[in-house]
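In: This is a predicted model, with the sequence first.
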Amino acid sequence: GSDKGDTIEKQSCRPDFAILCYPVITFTDPFTHGGSRKNLIGENPDAELVKFYSNETQITDKTPPTFLFHSTVDTAVPPENSILFYSALRKAKVPAELHIYEKGAHGVGLAQKDPVLSSWSGRLSDWMKTRGYLNKPKPSYDDPAKVADPDFAVQGEYSGEIDGDNGKQKLGLQVIARGGGKFQAIAYLGGLPGDGWDGNSRFPADGELKNGAVELRGETATATIAKGVVKVRHNGGEVFGELKKVERKSPTLFAKPPEGAIVLFDGKNADEFEGGRVTADGLLMQGVTSKRKFQSGTLHLEFRTPFMPEDQGQARGNSGCYVQGRYEVQVLDSFGLEGKDNECGGIYSISAPAVNMCLPPLAWQTYDIDYTAGTFDAQGKVTKSPRITVKHNGVVIHNNIELKKITPGGVSADGPEPGALHLQEHGNPVRFRNIWFVEKK
């Protein structure tokens, strides 16, 4: 359920990183710490319980980056505990660093009296600096009403006309905030993606906010953005086009669930999800898995990526919509990017979207997904692969794509069983609303 008055519910429970000093990791012989195992799971635990509480078996790609420190002569907790954990982290491709010193008893702490062993805290400091944990936090906004960055008012979409060789020609412009008054812009001949763009003509430019206006400079033209208007100029200075800021909305925003639909989230509570958390303004937070499981059907989902101007790539508004817990339709602030399989709308590692329909950060967007589950024979072998059609903000970006493999990071193994809707936790404040599913009969 939800607790809208509790601000702690707005925070992810996942640690950003872990620091483990001579840790008890495994409960398996011969490397376990007998006292810890006995106190936690009893004198004679069964094998499944031992496996469950052995932390090296619980590593996934969602495990936080980890720093480990141990010593070879630790007789209380053998160093194999750290080695097992580190090996599992590597297998899951989780960033990790392990330091094993030749000498040093268990529980040495900072080891300030040992000139060699005490160096572990310096190694930790280096690791934290390398990973950026000691840097000033980058700005992140999950509510447009609370954005305290002037760049937010500039970024977004613009549309208008320019004087071309054959008369007036429609031009679209996407302006991406990069932090600190810096911007990148992409011009689209014919109009914005999904609104006339020819799919080929894409012209980048860079700019900076100065004296209340943004000056953009590309290879063949320059532009000035001020008060929601773009003046496009030849490099010689002559104005040959004007664009105005627009706020496009998906035609399926606020789509009402049809009769017979299973409503997974309507803003009242998160009871349909394991680990469900709701913000004070009634939005579903990322990192949840539906309690119900599904086969074929149609999913409607609305999402909003945060404004994180100083982050880039996979660190910028990252989540994911896993159909059946197996196939990820990527959720990411990919506004203005090329449109790859690991960007918004992409089916991760399988198919890039036909067009990048990602709207600016903090704009509500929609996925309307038609999914046909695969079929299997009596031996569990695939006889027909699942297929998926995805509309992003009303535009078809995948049309009856065959899914020949599951995507990484899901919560369900491949197989004939029904699967849950999983909204991935990636540490970014992505928000969701109006989620419903219509099962195919």
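Out: Looks like it came in fine.
In: how close does the closest residue to residue 266 other than its chain neighbours sit to residue 332?
Out: Of all residues not flanking residue 266 in the chain, residue 434 sits nearest, at 6.9 Å (C-beta to C-beta, 6 or more residues apart in numbering). Yep, even glycine has a C-beta here, placed from its N, CA and C like the rest. According to C-beta to C-beta, to the nearest Å, residue 434 and residue 332 sit 20 Å apart.
In: ok, those two, which is more surrounded?
Out: residue 332 (26 against 22; other C-beta atoms under 10 Å).
In: Which of the helices or strands spans the nearest residue to residue 138 once chain neighbours are set aside?
Out: Excluding the flanking residues, the one nearest residue 138 by C-beta to C-beta, 6+ apart is residue 310, at 4.3 Å. Using DSSP states H and E, residue 310 is not contained in any helix or strand.
In: Now the residue nearest to residue 266, what are its backbone angles?
Out: Here is the backbone geometry of residue 434 (degrees, to the nearest 10): phi 50, psi 70.
In: burial of residue 399, as a residue count?
Out: Counted with other C-beta under 10 Å, residue 399 comes out at 12.
In: residues in contact with it?
Out: Going by C-beta atoms under 8 Å, 6 or more residues apart in numbering, residue 399 touches 354, 389.
In: In a strand, it, correct?
Out: Yes - Residue 399: assigned to a strand according to DSSP: H, G, I helix; E, B strand; the rest coil.
In: roughly how far apart are it and residue 151?
Out: Separation of residue 399 from residue 151 (C-beta to C-beta): 36 Å.
In: try residue 330
Out: Counting by C-beta to C-beta, the gap between residue 330 and residue 151 amounts to 25 Å.
In: Can you tell me the SS state at the residue of the chain most remote from its centre?
Out: Distance to the chain centre peaks in the chain at residue 113, reaching 44.3 Å (criterion: C-alpha atoms, centre = their mean). Secondary structure assignment for residue 113 (three-state DSSP): coil.
In: how near is it to residue 104?
Out: Distance from residue 113 to residue 104, by C-beta to C-beta: 11 Å.
In: Check residue 438 too.
Out: 61 Å.
In: Look at those two and report which has more neighbours.
Out: Shown here are residue 438 and residue 104; by other C-beta under 10 Å, residue 104 has more neighbours (21 against 18).
In: what sits against the residue lying closest to that one once chain neighbours are set aside?
Out: Using C-beta to C-beta, 6+ apart and skipping the chain neighbours, the partner closest in space to residue 104 is residue 71 (3.5 Å). Applying C-beta under 8 Å, 6+ apart to residue 71 gives the contacts 22, 79, 100, 101, 102, 103, 104, 105, 106, 108, 117.
In: my read: the first one touches residue 72, true?
Out: Spelled out, it's residue 22. No - in this structure residue 22 lies outside contact range of residue 72 using C-beta atoms under 8 Å: 11.2 Å.
In: More neighbours: which of these two?
Out: Per other C-beta under 10 Å, whichever of residue 22 and residue 72 has more neighbours is residue 22, with 21 against 11.
In: Could you measure from the more buried one over to residue 82?
Out: For residue 22, the distance to residue 82 - C-beta to C-beta - is 7 Å.
In: Could you tell me which residues touch both of those two?
Out: With C-beta under 8 Å, 6+ apart as the test, residue 22 and residue 82 both reach 69, 70.
In: Find the centremost residue of this structure, please.
Out: Short answer for the chain (C-alpha atoms, centre = their mean): residue 318, at 1.8 Å.
In: quick one: it from residue 254, how far?
Out: Taken as C-beta to C-beta, the span from residue 318 to residue 254 is 25 Å.
In: Equivalent analysis for residue 272, please.
Out: From residue 272 to residue 254 the distance is 19 Å (C-beta to C-beta).
In: Which of those two has more residues huddled nearby?
Out: Under the criterion of other C-beta under 10 Å, the comparison of residue 272 against residue 254 puts residue 272 first, with 18 against 11.
In: My read is that the more buried one contacts residue 292, right?
Out: Yes - using C-beta under 8 Å, residue 272 is in contact with residue 292, at 6.7 Å.
In: Residues in contact with both of these two, list them for me.
Out: Common neighbours of residue 272 and residue 292 (C-beta under 8 Å, 6+ apart) are residue 264.
In: Confirm residue 145 sits in a helix?
Out: Yes - counting by three-state DSSP, residue 145 is located in a helix.
In: any idea how far it is from residue 362?
Out: 10 Å.
In: neighbour count winner among the two?
Out: When neighbours are counted by other C-beta under 10 Å, residue 145 and residue 362 differ, and residue 362 comes out ahead with 21 against 7.
In: Confirm for me that that one is in contact with residue 306.
Out: Yes - with contacts counted by C-beta under 8 Å, residue 362 reaches residue 306, the gap being 6.9 Å.
In: Quickly list what's touching both of these two.
Out: Common neighbours of residue 362 and residue 306 (C-beta under 8 Å, 6+ apart) are 141, 142.
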